[in-house]
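J.: return a 3D structure for these sequence lines:
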Amino acid sequence: MKTIKLIFLIISTFSLASCEYDIEFNDKLPKDKLVVTSFIEADSVIYVKVSKSARPGTYNNYYDMFKSSSNIETSYVKNALVSLYINGELKETKNSALINNKYSFNYIPNINDKVEIKVDYNGFDQVSGNAILNLYKPIIDSTSIDIVIDSSQEYFSKDLVLYIEIIDNGINDNYYQLDGLFIKTTTEGQAQYEEKIDCSNFELIWENIVGVYNEEALSSTDSDSENKYKVFSNKRFKGKTYKAKFIIDRETYYKKNLKATSFVVSGNIFASTIEKQVYQYLYTLGKAYSGNDIGMGSEPVIIIDGLKNGYGFIGGRKTTKSNTINYSSTKRK
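T.: Next comes the predicted model:
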């Protein structure tokens, strides 16, 4: 049952590729549910994504060359009734998606608002969830980017390494999520091109307090551990400063084909505090997605949903944006 739920959630909620496993199942499948996800932040537009679950194999996350897109889009719910309640009163309703399966509201929430979202769709149980917006704002104490070069083998590699320090207030049980937006401009001879760095995964290579980022790994740099959604808690550094280094981009060249290049990287890191139900959902979903618990004698991964009668989460978030971080390969010391 958990495996079935896992495969759907990965595909439907985040449009990610999944693996197929042959399982023996002789019981009744659970009733289909709505899959709803929404980060809600004060002074920001509220977006709600709505999809629907189905029996395994109904949705396939692959691109069909004879169609314009993969049939994962058939899971999108575009005409649900999505209701926004502020401090217990109905504030606004939407009955059609803005784009794909994403709904938005005109009302901009305040920091002290108590937000509730309810989603109704024919044939499915009503889904509801709440968000608290007056969260602790993360303190980013220091950030930097550097290049680590490895040319010991026949291949030449350049790792773009992000360093960050986060100060915890020590008052609450805080839950964090990291993200980044970086642009790399590369010059190769007379040619110059710009590309966005994929920050979907931060590969941890060092942390000052072992076990913060990959909570259940045997070591902080366990190669079999993955924190797909970049979430962690202050359980091990409450009231302290957490320092970490992550590889956010890697380029590998065969030495014989190596050309002279220079590049400039510029961007920002985003540190957010998130509500517990959001952390629990993303952490357990990421743990299941990584496949660490698939094997002989292993326990199934239970995904902890942050909704009533549905899969997914609705929860508050508060974000700090770092100062702009710049790095130039032509200005190495």
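J.: residues in contact with residue 52?
T.: By CB atoms under 8 Å, 6 or more residues apart in numbering, the residues touching residue 52 are 12, 32, 33, 34, 35, 75, 77, 121, 124. Backbone N, C-alpha and C define where each C-beta goes, glycine included.
J.: surely the last one is in contact with residue 34?
T.: Put plainly, it is residue 124. Yes - contact between residue 124 and residue 34 holds when scored by CB atoms under 8 Å: they sit 5.1 Å apart.
J.: out of the two, which sits in the busier spot?
T.: Between residue 124 and residue 34, residue 34 has the larger neighbour count (other CB atoms under 10 Å), namely 24 against 19.
J.: what mean pLDDT would you report for stretch 147-166?
T.: Averaging pLDDT along stretch 147-166 gives 84.
J.: so for that stretch, what gets flagged as buried?
T.: Across stretch 147-166, burial judged by 16 or more other CB atoms under 10 Å covers 156, 158, 159, 160, 161, 162, 163, 164, 166.
J.: may I have the beta-bridge partners of the residue nearest to residue 194 when sequence neighbours are not counted?
T.: Distances taken as CB to CB, 6 or more residues apart in numbering place residue 185 nearest to residue 194, at 4.9 Å, with adjacent residues excluded. Residue 185 forms beta bridges with residue 194, residue 264, as assigned by DSSP bridges.
J.: which residues touch residue 185?
T.: 192, 193, 194, 263, 264, 265, 266.
J.: and what of residue 314?
T.: Here residue 314 is in contact with 36, 37, 38, 40, 48, 117, 128, 129, 130, 131, 306, 307 (CB under 8 Å, 6+ apart).
J.: take those and write them to TSV, including pLDDT.
T.: Output for the contacts of residue 314, formatted as TSV (pLDDT from 0 to 100):
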residue	pLDDT
36	98
37	98
38	98
40	98
48	98
117	98
128	98
129	98
130	98
131	98
306	96
307	97
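J.: any idea which of the residues you listed is the one closest to residue 94?
T.: Nearest to residue 94 among the contacts of residue 314 is residue 48, at 8.2 Å by CB to CB.
J.: host element of that closest one?
T.: Residue 48 is part of strand 47-52, with elements assigned from DSSP states H and E.
J.: now that strand - C-alpha only, CSV.
T.: Output of strand 47-52 as CSV, limited to C-alpha atoms (Å, rounded to 0.1, in the frame of the first residue of the first chain):
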residue,chain,number,x,y,z
TYR,A,47,-0.8,29.3,-5.1
VAL,A,48,-2.5,25.9,-4.7
LYS,A,49,-1.7,22.8,-6.9
VAL,A,50,-4.4,20.2,-7.2
SER,A,51,-4.1,16.7,-8.8
LYS,A,52,-5.8,13.4,-8.2
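J.: related to what we said a few turns ago, got the confidence number for the residue nearest to residue 194?
T.: pLDDT, read off for residue 185, is 93.
J.: next one: it from residue 309, what distance?
T.: Distance check for residue 185 against residue 309: by CB to CB, to the nearest Å, it reads 48 Å.
J.: for residue 242, same thing?
T.: From residue 242 to residue 309 the distance is 36 Å (CB to CB).
J.: give me the more crowded residue out of the two.
T.: Taking other CB under 10 Å, residue 242 and residue 309 do not tie; residue 242 has more neighbours (20 against 16).
J.: torsion angles phi and psi at the more buried one?
T.: Main-chain dihedrals, residue 242, degrees, to the nearest 10: phi -100, psi 130.
J.: OK, contacts around it?
T.: 165, 166, 168, 207, 208, 209, 212, 234.
J.: how about these in JSON lines, adding distance to residue 44?
T.: Shown next, in JSON lines, are the contacts of residue 242 (distance: CB to CB, whole Å):
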{"residue": "165", "distance to residue 44": "25"}
{"residue": "166", "distance to residue 44": "21"}
{"residue": "168", "distance to residue 44": "23"}
{"residue": "207", "distance to residue 44": "30"}
{"residue": "208", "distance to residue 44": "32"}
{"residue": "209", "distance to residue 44": "31"}
{"residue": "212", "distance to residue 44": "27"}
{"residue": "234", "distance to residue 44": "24"}
